[in-house]
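S.K.: Build me a model from this:
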Amino acid sequence: MVAGAGKQRRVNADFGDIMRSVVLGLTICLAMACVSSCHAQDIVSIETGRIQGSTAGGVTSFKGIPFAAPPVGKLRWRPPQPAPKWSGVRQTTAFGHDCMQLPSQFSNSPAEDCLYANVWVPEHRGKNLPVLVWIYGGAWVVGGSSLPSFDGTQFARKGVILVSFNYRLGRFGFFGFPALTKESKGGLLGNYGYMDQIAALKWVQRNIAAFGGNPRAVTVAGQSAGGFAVHMLMISPLAKGLLQRAIVESGGGRGMGNSTGLFKGMSGRPSAEQIGVAFAKSKGIEGDDAAALEKLRALPAETILDGLDAGTIQAAQATFPGPMLDGKIVIGNLQTLYKEGKFQHLPMIVGATNGDGSIPIATSKEELFAPFGEDAKAAEEAYSPVSKDFNFLRAQVSADALFVEPARFVAKTLSSHGDSVWEYRFSYVVAAARGKLPGATHGAETPFVFDTGKWFTLKLAPEDEKLAQQMSAYWVNFVKTGDPNGAGLPDWPSYHANGDVLMDFSENGPVAKPDPWKQRLDLTEKLATSKAQAQN
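M.R.: Model prediction:
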């Protein structure tokens, strides 16, 4: 009996151990299931592998996703190549490098290895959400997707997926050289930064459904050089079908300034190829053959950069071509193609700020208004209410020519083709800067569009935040429906030339009204038309 009792106790002990193991195993499994469930929205499978983002405040963000291979070494000055695949789960919780530029507040650890995308999505999301793709500005030489002003959290909270990405800048993004032409054998050349943008949009088409997005409901928006890029996408045959709506913020609309051609000089400048040869020579590299190209590709990134930024871009025209007419991506003059109806007929929001100061273009009033010819006196009178300060006056004349009148031109032209377009002007000055600035500076609207709660380094006051919420709501409505109007917002009429009505985002809130600058913009339009005719 004693022996039997001992055996029974051992059986009970063994059974207890087994049960404890089972319970422990179930606990671990349940814990793992909980972890998996808690982070299920953080992990997404895309074409190159699985990625894990981070969730906070009802939004999941994925940062630093490679959308193309690093454009380094032999891939410098080549079209973007497919991103390599990876095994396991890649952590995408921090921004990748922004593209090569001088270090500044506008970039995150710049490097040549920079072709990364970022995605913000609602934590609890379904399928077929509308998508907004953002293209940053920076005169094609500075900028990046990592700026706090471009945080996509508020868009995601309102049911819109926000995608941003980097594209090559400066001589890394825009460069011509005879040996590159021979190497490519008829392929894409010159506008490598634009190639990156198209590659990013194609990446969106292939992958956004994995994040819950609808690849057939993509809006592309950009500011300054990013706005110019949106115009490029509107007219480029290589971007057809990659976007369904467009937003251009201070992005011009008539042309690309003093751009040139890849093979043929334009605007009084040498061709991009000739400019590339001049740059090589400035670095002690003679010739234009494959050996010269190999030496160029071997140069350190800092040597290619050569101090290029927004402040030196004018002085660097002899060695930096900027975006160019290449015949495949950029196929012609923007205003001509718009007039001829040779563009993607999509709904558009277009506008500028009321203090979109630009490049100083004169040293006296006489010089400033001389280009208006027989209208010089009328132009001076039309601009007389602007300011008695000459520096601000010439900035306004320049801004009207580069940003403000071209926005009206685009609105007028697209409307004439039967397309839906809404024009705006952003004239709001944040409370903290009111009285210190004569108007809303270039780029001042972006923190309001993104509703980030900050105006660059200044925290928004409650009255600022109210306008930010309204402006963001218009943008969200447009992304969702193709029309910025919605419940609780002042009506924003679509543009028609006979009424010339725009939405002024002002200190009185959003106010729809006839353009108060019509007189001076009519004169600017006349001057732009005569210049275009002279060039043709």
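S.K.: Please work out how many residues are found near Q533.
M.R.: By other C-beta atoms under 10 Å, 8 other residues sit near Q533. Every C-beta, even on glycine, is put in place using the N, C-alpha and C of the backbone.
S.K.: Relative to D375, how far out is it?
M.R.: Per C-beta to C-beta, to the nearest Å, Q533 is found 15 Å from D375.
S.K.: next one: A280
M.R.: When A280 is compared with D375 (using C-beta to C-beta), they lie 45 Å apart.
S.K.: Same drill for the two, tell me which one is more crowded.
M.R.: The neighbour comparison of A280 against D375 (other C-beta under 10 Å) goes to A280, with 21 against 18.
S.K.: What residues sit buried inside the particular helix or strand that has the more buried one in it?
M.R.: Using DSSP states H and E, A280 sits within helix 272-282. Of all the residues in helix 272-282, those buried under the rule 16 or more other C-beta atoms under 10 Å are A272, E273, Q274, I275, G276, V277, F279, A280.
S.K.: show me what contacts the last one?
M.R.: Under the criterion of C-beta atoms under 8 Å, 6 or more residues apart in numbering, the contact list for A280 reads F177, E286, G287, D288, A292, K295, L296.
S.K.: What subset of these is buried?
M.R.: Buried subset of the contacts of A280 (neighbour count, 16+ other C-beta under 10 Å): F177, D288, A292, L296.
S.K.: Distance check, V220 against A444.
M.R.: Distance, V220 to A444, using C-beta to C-beta: 21 Å.
S.K.: Also F505?
M.R.: In this view, F505 and A444 are 10 Å apart by C-beta to C-beta.
S.K.: So for these two, which residue has more residues nearby?
M.R.: Between F505 and A444, counting by other C-beta under 10 Å, F505 is the more crowded of the two (27 against 24).
S.K.: Looks like the more buried one contacts Y428 (just checking).
M.R.: Yes. F505 lies in contact with Y428 (C-beta atoms under 8 Å); the separation is 5.3 Å.
S.K.: what touches both of the two?
M.R.: Taking C-beta under 8 Å, 6+ apart as the contact rule, F505 and Y428 both touch E445, F448, L467.
S.K.: So what's the residue count around the first one?
M.R.: Using other C-beta under 10 Å, the number of residues around E445 comes to 25.
S.K.: Excluding covalently adjacent residues, which one is nearest to it?
M.R.: Distances taken as C-beta to C-beta, 6 or more residues apart in numbering place F426 nearest to E445, at 4.1 Å, with adjacent residues excluded.
S.K.: circling back: now for F505 and A444: what residues contact both?
M.R.: Contacts common to F505 and A444, judged by C-beta under 8 Å, 6+ apart, are F426, Y428.
S.K.: On the pLDDT front, check T457 for me.
M.R.: Here, the pLDDT recorded for T457 equals 74.
S.K.: before we move on, what about R76?
M.R.: If you check R76, the pLDDT there is 98.
S.K.: repeat for the one 3 residues further on
M.R.: According to the prediction, P79 has pLDDT 98.
S.K.: In contact with it, which residues?
M.R.: The contact partners of P79, taken as C-beta under 8 Å, 6+ apart, are G187, L188, Y192, M195, A199.
S.K.: how much space is there between E47 and N207?
M.R.: Following C-beta to C-beta, the distance that separates E47 from N207 is 6 Å.
S.K.: which residues in the stretch 401-536 of the chain form strands?
M.R.: 421-426, 454-455, 458-459, 501-506, 509-514 (DSSP state E, counting those that start in this stretch).
S.K.: Tell me which of these sits most buried.
M.R.: Here the criterion is mean neighbour count by mean count of other C-beta atoms under 10 Å, and of the strands of the stretch 401-536 of the chain the winner is strand 421-426, at a mean of 25.
S.K.: what's that strand in contact with?
M.R.: The contact list for strand 421-426 (C-beta under 8 Å, 6+ apart) reads 347-354, 404, 407-408, 410-411, 414-415, 440, 444-445, 448, 478, 484, 492-495, 501-505, 515.
S.K.: quick one, that strand and strand 509-514 angle?
M.R.: On the basis of axes from the mean of the first three to the mean of the last three C-alpha atoms, to 10 degrees, strand 421-426 is oriented at 120 degrees to strand 509-514.
S.K.: can I have strand 421-426 written out in PDB, keeping just the CAs?
M.R.: Extracted C-alpha coordinates of strand 421-426, given in PDB (Å, rounded to 0.1, in the frame of the first residue of the first chain):
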ATOM      1  CA  VAL A 421     -10.100  73.700 -60.900                       C
ATOM      2  CA  TRP A 422     -10.100  75.800 -57.700                       C
ATOM      3  CA  GLU A 423      -7.700  78.700 -57.200                       C
ATOM      4  CA  TYR A 424      -6.600  80.000 -53.800                       C
ATOM      5  CA  ARG A 425      -4.400  82.700 -52.300                       C
ATOM      6  CA  PHE A 426      -2.900  82.300 -48.900                       C
END
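S.K.: circling back to that earlier point, can you tell me which of the contacts of strand 421-426 are in helices?
M.R.: Among the contacts of strand 421-426, the members falling in helices (DSSP state H) are A407, R408, V410, A411, L414, S415, F448, F478.
S.K.: Now do the nearest residue in space to the fifth one that is not next to it in sequence, the pLDDT please.
M.R.: Nearest-residue entry for L414: V421, 4.5 Å, with adjacent residues in sequence omitted and distances by C-beta to C-beta, 6+ apart. Taken from the predicted model, the pLDDT recorded for V421 is 98.
S.K.: How much space separates V421 from I247?
M.R.: Using C-beta to C-beta, V421 is found at 11 Å from I247.
S.K.: can you list residues touching both of the two?
M.R.: Joint contacts of V421 and I247 (C-beta under 8 Å, 6+ apart) are M348, I349, V350.
S.K.: Do you have the strands of the stretch 201-350 of the chain handy? List them.
M.R.: Counting by DSSP E, counting those that start in this stretch, the strands of the stretch 201-350 of the chain are 213-223, 245-249, 260-261, 324-325, 348-353.
S.K.: out of the ones you listed, nearest to A399?
M.R.: For the strands of the stretch 201-350 of the chain, proximity to A399 was assessed by C-beta to C-beta; strand 348-353 is nearest, at 7.4 Å.
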